[in-house]
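Peer 1: Sequence and predicted structure below; questions after.
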Amino acid sequence: MPKRVAMLSVHTSPLDQPGTGDAGGLNVYVLELARELAQRDIEIEIFTRATSSDLPPVVESEPGIRVRNVVAGPFEGLSKNDLPAQLCPFARDVLRAEAMRDHGWYDLVHSHYWLSGQVGALAKDRWGVPLVHTMHTMAKVKNSLLADGDEPEPQARIIGEEQVVEASDRLIANTDQEARQLIDLYAADPRRVAVVNPGVDLDVFSPGDRLLERKRLGLPPDAIVLAFVGRIQPLKAPDVLIRAAAELVARDPSLRSRLVVAVVGGPSGSGTAEPDALVRLAKTLRVDDLVRFEPPVRQHELASWYRAADLVAVPSYNESFGLVALEAQACGTPVVAAATGGLLTAVADGVSGVLVDSHAPEEWARVLRSLVCDPLRLRAYGAAGVRHAQRFGWSATAERTLDVYQEAIESLAALSA
C-alpha cells in the first residue's frame, strides 16, 4: 500500500464551492476520496492551481490532507482552454516539491482530468512511480453529445488525452461504459483499465423531513417542487427543465398554482458568456413566477434542497457519472435523468427514477407529469433510491481505488525487476 500519494487537480481546487465556475463533481470526488484515504493512514498531497493571491501556498485542510496552491499564470481571468500554456510552470512547482523531500517521498501519482494527467506523466518519469489517472470527462465523448450552443472541445485536448492514456499505468473509469469508451475511442489497454464507481456521503445525504426542510427553505408545504442542481451551462441542460415546466402548465393550468422549479447552481463554462440566459428563458416562456434561482450551496444545505423536492431533474447531455442523481436518491428523492453516460449506472431506471432517452421538453413534461400525479409511485421510487444509493458509499470507492493503486505499484515493480 502507498504511504504518500500526490494528487493532481490542475484546473479546479477541491476546496472550491461545487456548482459554479469549473467546480463540480470532480471537486467532490477528489476531496471525498482524499478523506477516505487519509483515514487509512495514507498521506495525501493535492496540487492545484492558485486562483487568488490571498491563498496560502499550503493548506492543511484536514488531518492527513495537504493542499498546495501552485502559482501558475495569472490568478484570475484564465479559462480552462488557457491552462495548457501554464502546465510547464505548474509541473515545475510539483517537481520542486518532491526535490525538497527525501528521495522516494511519493509512492504514486493520481491525476484528475487530462490537464493534470499531462503533469502526472512528467512526475511519473521523474520520480519513478506509477501514474494512476481518472479522466472524469473525455473530449471525444463530449463532442459526440454536444448541446445546442455548446462549443466542441479542441483538438489539442483530444491529443493531450491520448497522450495521458498512453502514459498511465492504470486508468480509473467511473462506469463500465466509460471503460469501453477508453478502450474503443482512446485505444487504452484493457488490462490497465479499472472500473471504480464514485460514491456519495451517506452521512450528509440521507432522508429527512420534507415539510420541515420546505419550511426552512421558504417553500410552500403543498408545492410540487422540481429541482435542478449543478452548474448552469448547455452541457447540463437546465433549460430542458424550464421548457418542460412551461409545457407542464400549458397542458394542465391547474399545476401553475403549486409548481415550483428550483435551480441551484451558478454559471459555468460556455454558460458564463450569457449568465442571465436561463432567467430570460423563464421570462420568455412566462414561467419566471414559478422558477426560483439559488446560488451554489454547501453540501448540508444541498441535502436540504434534495429532501424538499418531489423530483430532481438531471437532463445533462453527458455525465461521466452523475453525483447529483446519486445524492438526491440517497436523500429519498426520485430522479428523472437523461439516459446517457454514467447516469445509466447512477439511476436505477423504473426503480428509483426514470431515464429519458430524449431532451425534448414535451417528453420530459410527459414523464414529469406522470410522476407528480402518482404519489404512491413517487414514494416507492424514493424508498428504492435510498437503497440504491447505499451501494455507493465513498468507503467502497476508496477500497477499490486502493486495489488499483496496489496493482499499479506491483506492475511497475515487476517491470523494474
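Peer 2: It's in.

Peer 1: Going by C-alpha atoms from here, please, whenever you check contacts or count neighbours.
Peer 2: Noted.

Peer 1: any low-confidence regions in the stretch 201-350 of the chain?
Peer 2: 268-274 (pLDDT under 70).

Peer 1: Helices of that one, residue ranges please.
Peer 2: 210-217, 238-251, 277-284, 299-308, 323-330, 343-346 (DSSP state H, counting those that start in this stretch).

Peer 1: So which of the ones you listed is nearest residue 201?
Peer 2: Minimum separation from residue 201 across the helices of the stretch 201-350 of the chain (C-alpha to C-alpha) falls at helix 323-330, 7.8 Å.

Peer 1: Name the nearest residue to residue 240, sequence neighbours excluded.
Peer 2: Spatial nearest neighbour of residue 240, excluding adjacent residues (C-alpha to C-alpha, 6 or more residues apart in numbering): residue 361 at 5.7 Å.

Peer 1: What of residue 39?
Peer 2: What sits nearest to residue 39 in space, not counting adjacent residues and going by C-alpha to C-alpha, 6+ apart, is residue 64, at 7.7 Å.

Peer 1: quick one: the one you found from residue 42, how far?
Peer 2: Using C-alpha to C-alpha, to the nearest Å, one obtains 7 Å as the distance from residue 64 to residue 42.

Peer 1: How about residue 390?
Peer 2: Counting by C-alpha to C-alpha, the gap from residue 390 to residue 42 is 25 Å.

Peer 1: Likewise for residue 237?
Peer 2: Residue 237 sits at a distance of 38 Å from residue 42 (criterion: C-alpha to C-alpha).

Peer 1: more crowded one of the two?
Peer 2: It is residue 237, of residue 237 and residue 42, that has more neighbours when counted by other C-alpha atoms under 10 Å, with 23 against 18.

Peer 1: Contacts only, for the spatially closest residue to the more buried one that is not a sequence neighbour.
Peer 2: Sequence neighbours aside, residue 316 is the residue nearest to residue 237 in space, at 5.2 Å (criterion: C-alpha to C-alpha, 6+ apart). Neighbour list for residue 316: 235-238, 337-338, 340 [criterion: C-alpha atoms under 8 Å, 6 or more residues apart in numbering].

Peer 1: for residue 106, same thing?
Peer 2: Going by C-alpha under 8 Å, 6+ apart, the list of residues near residue 106 reads 3-6, 98, 127, 129.

Peer 1: Check whether it sits in a helix, strand or coil.
Peer 2: Look at residue 106: counting by DSSP: H, G, I helix; E, B strand; the rest coil, its state is coil.

Peer 1: State the phi and psi torsions of it.
Peer 2: phi -90, psi 140 (degrees, to the nearest 10).

Peer 1: swap in residue 184?
Peer 2: Backbone geometry at residue 184, expressed as degrees, to the nearest 10, gives phi -80, psi -40.

Peer 1: Look at it and say how many residues are nearby.
Peer 2: Neighbours of residue 184 using other C-alpha under 10 Å come to 12.

Peer 1: What of residue 413?
Peer 2: 12.

Peer 1: Quick check: it vs residue 363, distance?
Peer 2: According to C-alpha to C-alpha, residue 413 and residue 363 sit 54 Å apart.

Peer 1: cool, residue 79 as well?
Peer 2: From residue 79 over to residue 363 (counting by C-alpha to C-alpha), the distance is 35 Å.

Peer 1: which one of these two has more residues nearby?
Peer 2: residue 363 (15 against 11).

Peer 1: Regarding the more buried one, what is its secondary structure?
Peer 2: When classified by three-state DSSP, residue 363 comes out as helix.

Peer 1: quick one: the strands in the stretch 1-150 of the chain?
Peer 2: In the stretch 1-150 of the chain, the segments counted as strands under DSSP state E, counting those that start in this stretch are 4-8, 43-49, 58-62, 65-70, 108-112, 131-134.

Peer 1: that older thread, quick check: of the contacts of residue 316, which lies closest to residue 400?
Peer 2: Residue 400 lies nearest to residue 340 out of those, by C-alpha to C-alpha, at 24.1 Å.

Peer 1: Without its sequence neighbours, what residue ends up closest to the closest one?
Peer 2: Per C-alpha to C-alpha, 6+ apart, closest to residue 340 is residue 318, 5.7 Å.
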